[in-house]
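Participant: Fold the following for me, if possible:
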Amino acid sequence: MATSPPARRSKPDSRPPSQVTTRKTRTVRRRAGTRWGRWLMLALVVGLGFGAYAYLALPEATWLATQNPKTTALIEQRAEEAREEGKKARRRQQWVPLSSIAKHAVDAVVISEDASFYLHDGVDTVELARAVEESVRKHKLGRGASTITQQLAKNLWLSTDRSLWRKGKELVLARRLEDALTKKRILTLYLNVVEWGNGVYGIEAGAREHFGVSAAQVSVAQAAILAAMLPAPRKRSPSSGSPALWRHAQRIVTQLETVRRITHAQAEEAHAEVDRLLGRAPAGAGDAEEPVEEEG
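Facilitator: Numbers count the residues shown, from 1 in each chain. This next block holds a predicted model:
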């Protein structure tokens, strides 16, 4: 009976272990590089597609250099929400130039909402990177990290949904605003359209609604409270008893003094007035600070 030939033994690899490892490492790196190359190509295609969409479909901002918008996307959204609830839409708004707003009120808003406003081109890349890192860590969209310019873009043209698609459009529109307008004009528009309560738009209407004075007449404490309302203006009214509003307003007063926008005497007076207006240290005001999250 024929017998099978003996199995051939594989010859041992005579190469040094370092060479074998190097070859395997190169193979792994090559495959990883291929995968990354595909992802980068996909990102490039998506980026080009979004760029074309942004150029063709998103609105221009040049006309805002000389004209005030008659309405905004946010005002129309709030009106639609009121109609769906069977209510009459409320709108309080009165346009004023920057010169008709108390200087400490302008400073309070900038310090609170976008301390780097005069330094960036519409997007604060440091804050944006922190927000992205936080979102990845928590597996959800968290704090907005929006500049004043981004907030203006959202108010003028976009909805309050928190999708990445909206955020992408917001970034493009913010850059368009910065390219077309001066910082002074962007700030003027923002202070006249931003929401300051239910049906209240702009700082003039906000000052009259909550304190019964014009934007030119608000005290340092009133300005700090108005600025502290902005992350959640319909929840943090002066009459809400919000610990977060009290804490934020007091912090803004301190920051105004720190950057020498007000004197130490003005700061002490403002701290005391915040206590009178909101109540001294509301319950929970000493707790660990909760994340500041924009309404929409």
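
Participant: a helix runs through residue 271, doesn't it?
Facilitator: Yes: Residue 271: assigned to a helix according to DSSP: H, G, I helix; E, B strand; the rest coil.

Participant: Now it: closest residue in space, sequence neighbours ignored.
Facilitator: residue 253 (5.6 Å; CB to CB, 6 or more residues apart in numbering). The way it works is simple: take the backbone N, C-alpha and C, and place the C-beta from them, glycine included.

Participant: Kindly provide the distance from that neighbour to residue 235.
Facilitator: 21 Å (CB to CB, to the nearest Å).

Participant: Then residue 271?
Facilitator: 23 Å.

Participant: Settle it for me: which of these two has more neighbours?
Facilitator: residue 271 (17 against 13; other CB atoms under 10 Å).

Participant: For the more buried one, give me its contacts.
Facilitator: 221, 250, 253, 254 (CB atoms under 8 Å, 6 or more residues apart in numbering).

Participant: Which strands or helices does the helix or strand that the last one is a member of pack on?
Facilitator: Secondary structure here is read from DSSP states H and E; on that basis residue 254 sits in helix 243-258. Helices and strands touching helix 243-258, by 3 or more CB pairs under 8 Å, 6 or more residues apart in numbering; DSSP states H and E, are helix 103-113, helix 220-229, helix 264-278.

Participant: If you count neighbours, what's buried in stretch 186-199?
Facilitator: The neighbour-count check on stretch 186-199 (16 or more other CB atoms under 10 Å) flags 186-197, 199 as buried.

Participant: Let me fix that, I meant to ask about stretch 247-259.
Facilitator: Those would be 247, 248, 249, 250, 252, 253, 255, 256, 257, for stretch 247-259 by 16+ other CB under 10 Å.

Participant: from these, which is closest to residue 112?
Facilitator: residue 252 (5.3 Å; CB to CB).

Participant: Could you report the distance from the closest one to residue 123?
Facilitator: Counting by CB to CB - residue 252 and residue 123 are separated by 23 Å.

Participant: ok, now residue 87?
Facilitator: 36 Å.

Participant: of those two, who's got more company?
Facilitator: Neighbours were counted for residue 87 and for residue 123 using other CB under 10 Å; residue 123 has more, 18 against 11.

Participant: what ranges do the strands span in this protein?
Facilitator: 92-93, 200-201 (DSSP state E).

Participant: Pick the most buried one from these.
Facilitator: strand 200-201 (a mean of 24; mean count of other CB atoms under 10 Å).

Participant: Are there helices or strands packed against that one, and which ones?
Facilitator: strand 92-93.

Participant: okay, now the residue nearest to residue 65 when sequence neighbours are not counted: neighbour count?
Facilitator: Nearest residue to residue 65 in three dimensions, chain neighbours excluded: residue 181, at 5.6 Å (CB to CB, 6+ apart). Using other CB under 10 Å, residue 181 has 19 neighbouring residues.

Participant: what sits against residue 181?
Facilitator: Contacts of residue 181 (CB under 8 Å, 6+ apart): 61, 64, 65, 189.

Participant: Please pick the buried ones from those residues.
Facilitator: Neighbour counting by 16+ other CB under 10 Å classes 61, 64, 189 among the contacts of residue 181 as buried.

Participant: so where's the protein uncertain?
Facilitator: The chain contains residues with pLDDT under 70 at 1-56, 127-145, 281-296.

Participant: Now with 80, please.
Facilitator: 1-56, 124-145, 280-296 (pLDDT under 80).

Participant: Please enumerate the helices of it.
Facilitator: With DSSP state H as the criterion, the chain has helices at 17-57, 73-84, 103-113, 125-138, 148-157, 164-180, 183-193, 203-211, 220-229, 243-258, 264-278.

Participant: Redo the contacts of residue 181 as TSV? Include distance to residue 215.
Facilitator: Shown next, in TSV, are those (distance: CB to CB, whole Å):
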residue	distance to residue 215
61	24
64	20
65	22
189	15
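
Participant: Please determine how far the closest residue to residue 261 other than its chain neighbours is located from residue 96.
Facilitator: Ranked by CB to CB, 6+ apart and with sequence neighbours excluded, the top spatial neighbour of residue 261 is residue 107, at 4.5 Å. Distance of residue 107 to residue 96, given as CB to CB: 16 Å.

Participant: Assess the claim that residue 223 and residue 105 are in contact.
Facilitator: Yes: with contact defined as CB atoms under 8 Å, residue 223 reaches residue 105; the gap is 3.8 Å.
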